[in-house]
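Chemist: my questions are about this predicted structure, shown below with the sequence.
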Amino acid sequence: MFRFYVAQARFDAFLVADRLNQAGIRAHVFNQHASSIVGEVPPDVAQPQVWLEREADRERAEILLARLSEEAARSGNTHCAACGEDSPSNFDLCWNCGRQLA
Ligand SMILES: [Zn+2]
């Protein structure tokens, strides 16, 4: 396991991990689960993170990540009125609570 990506926002970490998993790359989001990796990360790292299981996936993961950031730069964010989280504006439903986004 190694840390692949430190996200700026929670949806960002989940979006990246989702895409990686869809591509067959085993990825995990940490920070809610920070206690399970105590000792492996510095205690001052508080941002959501994506960790990969296999070093061999790193190159493909980086290509996917680059593609994702291009998409994100084009689309911007939509603010959910129900829970207050931001979702990428190409999402139909809030990633966090599932509410329809306007
Ligand atoms: Zn929401």
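Modeler: Ah, there it is.

Chemist: before we move on, which element is the most centrally placed residue in the chain in?
Modeler: With distances taken as C-alpha atoms, centre = their mean, residue 13 lies nearest the centre of the chain, 1.5 Å away. If you go by DSSP states H and E, residue 13 is part of helix 10-22.

Chemist: what does the chain put close to the ion?
Modeler: 80, 82, 83, 94, 96, 97, 99 (C-beta under 5 Å from the ion). Every C-beta, even on glycine, is put in place using the N, C-alpha and C of the backbone.

Chemist: looking at it, residue 92 is touching residue 102, isn't it?
Modeler: No. Taking contacts as C-beta atoms under 8 Å, residue 92 lies outside contact range of residue 102: 10.5 Å.

Chemist: show me which residues of stretch 78-90 are buried.
Modeler: 78, 80, 85, 86, 87, 88 (16 or more other C-beta atoms under 10 Å).

Chemist: please apply the same query to stretch 69-78.
Modeler: So stretch 69-78, judged by 16+ other C-beta under 10 Å, has buried residues 72, 78.

Chemist: which one of the residues of the chain next to the ion is nearest to residue 56?
Modeler: Distance to residue 56 across the residues of the chain next to the ion (C-beta to C-beta) is lowest for residue 96, with 31.8 Å.

Chemist: so the closest one: helix, strand or coil?
Modeler: coil (DSSP: H, G, I helix; E, B strand; the rest coil).

Chemist: list the contacts for the nearest residue to it once chain neighbours are set aside?
Modeler: Closest residue in space to residue 96, ignoring its immediate chain neighbours: residue 85 at 4.2 Å, by C-beta to C-beta, 6 or more residues apart in numbering. Residue 85 makes contact with 10, 11, 79, 94, 95, 96, 97, according to C-beta atoms under 8 Å, 6 or more residues apart in numbering.
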